[in-house]
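> fold the following, please.
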Amino acid sequence: MGWFISSEAGISASSRIALCIEYQGTGFNGWQAQKLASVTTVQEVLELAISQVADHSIKVHCAGRTDKGVHANAQIVHFETNSERPLKAWVRGCNALLPKTVVVRWAKQVEADFHARFSALSRRYCYLIYNHKIPTALLQGQVSPHYYELNEKSMHKAGQYLLGERDFSSFRGAGCQSKTAMRNVSHIKVDRSGDFVRVDIKANAFLLHMVRNIVGALLEVGEGQRKPEWIGQVLEQRDRREAGITAPPDGLYLIEVDYPDKYELPAAPWVLPFFKSH
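Predicted structure coming up:
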């Protein structure tokens, strides 16, 4: 998909524009802009590019802030602008200015009530594990290497204990600013394709490090250190110390954000075949 065009005419003044952003998180200190000049984030390079295209300062709002080293196949952002530009200009102009590891997939004018974060119904992440005794040089930073053999069926069974609206304090990272640990997980699927094990998880929203903490616990089950039902016991404890390690950011992808149909946003562009729904 090159760009999404709802009108070839220029965008009217005081418009709200939504973009779909794909990025490789390796080399960035996460999504959120920071005060340190020595730190580069995805938000900073994106805002700089959009501001140059718009010819005025732009601030973007995203669907979900990702950690250092985490990737995105379909991060959704929105911004306000008084500049009149064809939609394809936002795509082509930004991509000409962005580093090669960040790409704008499409642009769409949206209603004034659209908000990339607060209008979102759910977010979906995939965590990709390379399960082999020897690491791969070609996918450094893009997969999480795991040397011990994993039983993906046991991991999948364990994940089912986390479904529904629950208190995820046991999987909440230190420093999380959310007012509540309640989240509604609609699916967790763990499957394998050759040496790759995929953890696919979807929820209305996620706490800080929640996906990585869940994966860390699932790895203990996959190695045979824990029984699948242990995950349910950890959840009930509501104590982060009970859940084990935080899996590394390598291999974690934000792959889909769902919104109400009324906004008519394009579907997420599936770039990595292993992540396709099935």
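> could I get the CA-only coordinates of stretch 192-208 as CSV?
Extracted in CSV, the C-alpha atoms of stretch 192-208 (Å, rounded to 0.1, in the frame of the first residue of the first chain):
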residue,chain,number,x,y,z
ARG,A,192,5.0,-22.2,16.0
SER,A,193,6.3,-22.0,12.4
GLY,A,194,9.6,-23.9,12.2
ASP,A,195,12.0,-22.3,14.6
PHE,A,196,9.8,-19.3,15.2
VAL,A,197,7.3,-19.2,18.1
ARG,A,198,4.8,-16.4,18.1
VAL,A,199,2.9,-14.9,21.0
ASP,A,200,-0.2,-13.0,19.7
ILE,A,201,-2.0,-10.9,22.3
LYS,A,202,-4.9,-8.5,21.9
ALA,A,203,-6.5,-6.3,24.6
ASN,A,204,-8.4,-3.0,25.0
ALA,A,205,-5.1,-1.5,26.3
PHE,A,206,-1.8,-2.5,27.9
LEU,A,207,0.1,-1.6,31.0
LEU,A,208,3.8,-0.6,31.0
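> elements contacting the helix or strand hosting residue 88?
Under the criterion of DSSP states H and E, residue 88 resides in helix 87-97. With contacts defined as 3 or more C-beta pairs under 8 Å, 6 or more residues apart in numbering; DSSP states H and E, helix 87-97 has these neighbours: strand 15-23, helix 42-54, strand 102-110. Any C-beta I mention is one placed from the backbone N, CA and C, and that applies to glycine too.
> beta-bridge partners for residue 125, please?
Note on residue 125: beta-bridge partners by DSSP bridges are residue 201, residue 254.
> pLDDT below threshold where in this structure?
Scanning the chain for pLDDT under 70 picks out the ranges 1-13, 36-39, 271-278.
> strands along that one, start to end?
Under the criterion DSSP state E, strands of the chain are mapped to 15-23, 61-62, 71-81, 102-110, 122-131, 144-146, 164-167, 182-193, 196-203, 252-258.
> could you dump these into TSV with mean neighbour count and distance to residue 53 added?
Formatted as TSV, the strands of the chain follow (neighbours: other C-beta atoms under 10 Å; distance: least, C-beta to C-beta, whole Å):
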stretch	mean neighbour count	distance to residue 53
strand 15-23	23	10
strand 61-62	19	17
strand 71-81	23	9
strand 102-110	21	10
strand 122-131	22	27
strand 144-146	20	35
strand 164-167	14	41
strand 182-193	17	36
strand 196-203	22	33
strand 252-258	24	23
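> now for those, which one comes closest to residue 226?
Among the strands of the chain, strand 182-193 comes nearest to residue 226, with 14.3 Å by C-beta to C-beta.
> in its sheet, what does the closest one sit against?
Sheet pairing of strand 182-193 (DSSP bridges) gives strand 164-167 (antiparallel), strand 196-203 (antiparallel).
> what inclination does the helix holding residue 88 have with respect to helix 42-54?
120 degrees (axes from the mean of the first three to the mean of the last three C-alpha atoms, to 10 degrees).
> tilt between helix 87-97 and strand 15-23?
Using the same axes, to 10 degrees: helix 87-97 against strand 15-23 is 40 degrees.
> between helix 87-97 and strand 71-81, how big is the angle?
120 degrees.
> now do the buried residues in helix 87-97.
For helix 87-97, burial by neighbour count (16 or more other C-beta atoms under 10 Å) applies to 87, 89, 90, 91, 92, 93, 94, 95, 97.
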